[in-house]
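Enquirer: okay, here's the prediction I keep looking at, along with the sequence it came from:
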Amino acid sequence: MANLGAKLKRGAELIAAASFALMFGAFMVQIVSRYIFNAPVSWSLEICSIGYVWIVFFTSNVLLTERQHIVFDVLYQAFPLRQRRMLAVALTATLGIIFLAALPVTLEYLSFLGRRKTMILRIPMDIVYSCFGIFMIAVVVGAALRLKRLFGADWQKHL
Amino acid sequence: MSFAAYLMFGLFFLWSFLGMPIGHAMLAAAFVYLFVTGQDIAIAASQSLNGLFSSFVLMSVPLFILSADIMNASKITDRLFEFANLLVGRLRGGLAHVNIVASMIFSGMSGSALADAAGPGKLEVDMMIKAGYKPGFAGALSATSAIIGPIIPPSIPMVIYGVVSNTSIGYLFIAGVIPGLLLGFAQMGVVVAIAKRRNFPTELPPTRRQAVETVKVALPALFLPAIMLGGIYSGAVTPTEAAAVAAFYALLLATLWYRSLDFRGFVKVLVDSARSTAVVAITIAGALVMNWIVAAEQIPEAMGAWMIALDMSPAMFLLAVNLLFLVLGAFLDTMLMLLIIVPMLMPTVHVLGIDPVHFGVTAIVNMMIGLVTPPMGELVFLIAGVSGVSVSAITKELWIFLVVLIALLFVLVYVPQLTLWLPEQMGYQPVTAPAS
């Protein structure tokens, strides 16, 4: 189980690295074609955009835990451990429930986008934007996992 | 402003003050707003996705992060430190000056104060302690010198300000040069002022041979800011393209020239850069949705009308805004202030005839001071984290820097020429106050 988790994490890291390399590489193609060959290609800009939204929305909650994001935690840290646990449970549950409630409409919108394609490469928009679906699902799953840990025996480690 | 908008802001501030990640709290509050007003929930997805997909300016952020990460991972920054030592190591308080000069050079390559503190910061503190400086002073100086990072271009906060205020990134970058240098000189002034009394050590002058060797090693790295800034100033490339070229150059240096980064290391850098990018960009995504709602509710116009009704002069407005930012900056994250508060102030800035480039640069200097202001100085926490010096020891040594930095901030606010002179030489036409 731990082995599988490590493999999944490694796989996710490779997707993030590949998205970044894709965006970076496409930028270089763009610059070389424009300034060196004086014949700018347009498809590379689209690749940049696709790589960028994937870096952001794929990485955000698949590779980062809630506490690695920008948080204001002066008040949070000031609470005694038991109260902090209650606060963490309340906030995590709130976040998870709101994102879960917003998920069906969002997924419907994303799949509706399948009728539209990107301007140049004709890639269906539902595939390009599916990272947002992954992001929202990861927020919900992450919140559920965090709640489970907060109710578990070593909850203090997960505050 | 409707009840739903009050609810959105109320929930957002409640959740984020209690410790929900800021970007997630923005999205969650926006979902609630859309639900309560009966609008399409999918607006959140479409606003954030389309906003990021179509903004090439925002794509410079991951590229600036990448070049700084490559420089740090391949220890190129250490070579800059040696180079700075060659320049100013012989002065009394040599390493303290070296710390500041190295930060000034590195800030020409990195756009983030946190990257500056996380990279050269640890080395700077370690070397200063070894040379006999008090750990608290070494930490305080490394934290304050890191704030030069986003003032001297490139600058991630300036990119974000440019996007939310619709201001030219190129002119903002150029406008940051003189204030950034002044910040560095002001800090060096502090060191000079206290060096004698505290009996700071000096460094041995390097032999001619060492000097030549240091320059030879550092020179290729010193081209990096030249490439990036030269490209932007000459107008040959956009800031985003310049960021890509700089990252590519850093990659070539690290792999082929210094040979200090292998393929495995590069993949790790990519993953780390993706993480740092996501942390910043998810707050931008949340702000794109919230600002769409703010615009739909016509809140900035209402704020602008209210401010005008107060009949404030531009000078009063700048004073009020800067005092507000200094207080908020001690508690709030820079991203929150840039993404939520600044867009609300922009209509007033325009109506009062305050130049948006000048306003942006000084607002960012102000927010950077917030990064070292207790109790929530993120740079202080970061330096304490990487160096092992306690937060309280650093905080005790901070006050003299804070006094000087805040004094300089107000000079910059009330002498706009310091910021605007250089962009004017490049053809920028500053906004002037309407005749009253």
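Expert: Cool, the structure landed.
Enquirer: residue 92: which element?
Expert: Since you didn't name a chain, this refers to chain A. Assigned by DSSP states H and E, residue A:92 belongs to helix A:81-112.
Enquirer: likewise for residue B:360?
Expert: helix B:356-370.
Enquirer: grab the nearest non-local neighbour of residue A:118.
Expert: Nearest residue to residue A:118, sequence neighbours excluded (CB to CB, 6 or more residues apart in numbering or on different chains): residue A:46, at 5.4 Å. For the C-beta atoms, the positions are set from N, CA and C on the backbone; glycine is no exception.
Enquirer: quick one, phi/psi of that neighbour?
Expert: Taking degrees, to the nearest 10, you get phi -70, psi -40 for the backbone angles of residue A:46.
Enquirer: in terms of secondary structure, what does the next helix or strand after the helix holding residue A:92 contact?
Expert: Sequence order places helix A:125-128 as the next helix or strand after helix A:81-112, per DSSP H and E. The helices and strands touching helix A:125-128, judged by 3 or more CB pairs under 8 Å, 6 or more residues apart in numbering or on different chains; DSSP states H and E, are helix A:81-112.
Enquirer: so who does residue B:64 touch?
Expert: With contact set as CB atoms under 8 Å, 6 or more residues apart in numbering or on different chains, residue B:64 has these partners: B:110-112, B:154, B:156, B:159, B:243, B:246-247.
Enquirer: residue of the stretch 101-250 of chain B with the smallest distance to chain A?
Expert: Closest residue of the stretch 101-250 of chain B to chain A, CB to the nearest CB: residue B:244 (3.9 Å).
Enquirer: pull the CA atoms of the helix or strand of chain A with the lowest mean pLDDT into PDB?
Expert: Using mean pLDDT, DSSP states H and E, the weakest-scoring helix or strand in chain A turns out to be helix A:74-78, at a mean of 84. Provided in PDB are the C-alpha atoms of helix A:74-78 (Å, rounded to 0.1, in the frame of the first residue of the first chain):
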ATOM      1  CA  VAL A  74      -1.300  33.100  13.500                       C
ATOM      2  CA  LEU A  75      -4.700  32.500  15.000                       C
ATOM      3  CA  TYR A  76      -4.700  28.900  14.100                       C
ATOM      4  CA  GLN A  77      -1.400  28.300  15.800                       C
ATOM      5  CA  ALA A  78      -2.500  30.200  18.900                       C
END
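Enquirer: ok, back up a step: hmm, residue A:125 and the residue nearest to residue A:118 touching each other?
Expert: No. Using CB atoms under 8 Å, residue A:46 is not in contact with residue A:125, being 11.3 Å away.
Enquirer: so what sits against both of the two?
Expert: residue A:118.
Enquirer: re earlier: now the helix holding residue B:360, how far from the centre of its chain.
Expert: Distance of helix B:356-370 from its chain centroid, counting by CA atoms, centre = their mean, to the nearest Å, is 9 Å.
Enquirer: ok, residue B:214 - contacts?
Expert: Listed by CB under 8 Å, 6+ apart, the contact set of residue B:214 reads B:79, B:82-83, B:85-86, B:206.
Enquirer: now these as JSON lines including pLDDT?
Expert: Shown next, in JSON lines, are the contacts of residue B:214 (pLDDT from 0 to 100):
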{"residue": "B:79", "pLDDT": "83"}
{"residue": "B:82", "pLDDT": "86"}
{"residue": "B:83", "pLDDT": "91"}
{"residue": "B:85", "pLDDT": "89"}
{"residue": "B:86", "pLDDT": "90"}
{"residue": "B:206", "pLDDT": "83"}
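Enquirer: so which of those is the most crowded?
Expert: Neighbour counts for those (other CB atoms under 10 Å in any protein chain shown) peak at residue B:85, which has 23 neighbours.
Enquirer: next SSE after the helix or strand encompassing that residue?
Expert: Using DSSP H and E, residue B:85 sits within helix B:76-88. Scanning forward in sequence from helix B:76-88 by DSSP H and E, the next helix or strand is helix B:94-107.
Enquirer: what packs against that following helix?
Expert: Using 3+ CB pairs under 8 Å, 6+ apart, helix B:94-107 sits against helix B:76-88, helix B:113-118, helix B:120-130, helix B:135-146, helix B:169-195.
Enquirer: buried sites along the longest one?
Expert: So the one you mean is helix B:169-195. Neighbour counts over helix B:169-195 (16 or more other CB atoms under 10 Å in any protein chain shown) mark B:169-180, B:182-184, B:186-188, B:190-191, B:195 as buried.
Enquirer: report the buried residues of the helix or strand that comes right after it.
Expert: Note on helix B:169-195: by DSSP H and E, the next helix or strand toward the C-terminus is helix B:208-233. Buried residues in helix B:208-233, counted by 16+ other CB under 10 Å: B:214, B:217-218, B:221, B:224-225, B:227-229, B:231-233.
Enquirer: setting aside sequence neighbours, what's the nearest residue to residue B:163?
Expert: Nearest in space to residue B:163, with sequence neighbours left out and distances taken as CB to CB, 6+ apart, is residue B:57 at 5.7 Å.
Enquirer: so who does that neighbour touch?
Expert: Contacts of residue B:57 (CB under 8 Å, 6+ apart): B:159, B:162-163, B:169, B:239-240.
Enquirer: again, but for residue A:27
Expert: Shown in contact with residue A:27 (CB under 8 Å, 6+ apart): A:44, A:48, B:59, B:63, B:240-241, B:244.
Enquirer: ok, residue B:165 next?
Expert: Contact analysis of residue B:165 by CB under 8 Å, 6+ apart lists B:342-343, B:346, B:349, B:356, B:360.
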